[in-house]
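# Let's see this in three dimensions:
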Amino acid sequence: MEWIYDHPEILRSIIARSSGAIGELFVAQKVEQWGYRVRPASINARQCDLIATSPNGREFGIEVKTVKGSGAPWLVRNCPDESASLCWVFVYAPRTDDGLPNEDDIRYRIIKTQDVAKIWRSKFDGKPNKAPDITWRDLGANAGGPEPYLNQWENLPDWSR
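Okay, the predicted model is just below:
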């Protein structure tokens, strides 16, 4: 399928319209910068977009959630499951509808799955009328204060730095 690279404008356009693909591409690139190897998970994998292998050889799943709008919530329909992935990366990738984000504008919040599950349970367990979304405030993003998960790449398993 090398021919697909003969159409870079079409490929770029398809990627630009997909928040999920943009988030996964940028997260894979960042994770690899820390010495991990990354590959896509199975298309049907539940709560697992990427498979990473740590510098120590440990393989684990990463779930990626991406939004493009400031303050937009991340949809999380089901309680996060540690058997599916060990960490989640919530990505804010601002851009126009037909463009790719500027790398300097992207923000990453890296959270262990068990902590995302605690947030989810505190909001949704037993509350069927609530929309299953995780908000910026849920992740500690508040006006002017410190953000506990922002760029916390050490939340990746086998962090070696």
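# What is the neighbour count of residue 35?
Using other Cβ atoms under 10 Å, residue 35 has 15 other residues around it. Every residue, glycine included, has its C-beta placed from N, CA and C.
# who touches residue 43 in this structure?
For residue 43, the contact set (Cβ atoms under 8 Å, 6 or more residues apart in numbering) is empty.
# That one in helix, strand or coil?
In three-state terms, and counting by DSSP: H, G, I helix; E, B strand; the rest coil, residue 43 is coil.
# how much space is there between it and residue 91?
Applying Cβ to Cβ, to the nearest Å, the value for residue 43 to residue 91 is 20 Å.
# do the same with residue 118
20 Å.
# for stretch 102-115, which positions count as buried?
Neighbour-count burial for stretch 102-115, counted by 16 or more other Cβ atoms under 10 Å, picks out 106, 108, 109, 110, 111, 112, 113, 115.
# which one of those is nearest residue 6?
Closest approach to residue 6 among the buried residues of stretch 102-115 (Cβ to Cβ): residue 106, at 28.2 Å.
# what lines up beside the biggest strand by length in the chain in the sheet?
In the chain, assigned by DSSP state E, the strand with the most residues is strand 59-67. Strands that pair with strand 59-67, judged by DSSP bridges, come out as strand 50-53 (antiparallel), strand 87-92 (parallel).
# In terms of secondary structure, what does the helix or strand following the longest one contact?
This points to strand 87-92. Per DSSP states H and E, the first helix or strand lying C-terminal to strand 87-92 is strand 107-112. Contacts defined by 3 or more Cβ pairs under 8 Å, 6 or more residues apart in numbering; DSSP states H and E place strand 107-112 against strand 87-92.
# where along this protein do the helices fall?
8-16, 19-33, 113-124 (DSSP state H).
# will you turn those into JSON lines that also has distance to residue 133 and mean pLDDT?
JSON lines is the format used below for the helices of the chain (distance: least, Cβ to Cβ, whole Å; pLDDT from 0 to 100):
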{"stretch": "helix 8-16", "distance to residue 133": "23", "mean pLDDT": "79"}
{"stretch": "helix 19-33", "distance to residue 133": "14", "mean pLDDT": "93"}
{"stretch": "helix 113-124", "distance to residue 133": "9", "mean pLDDT": "90"}
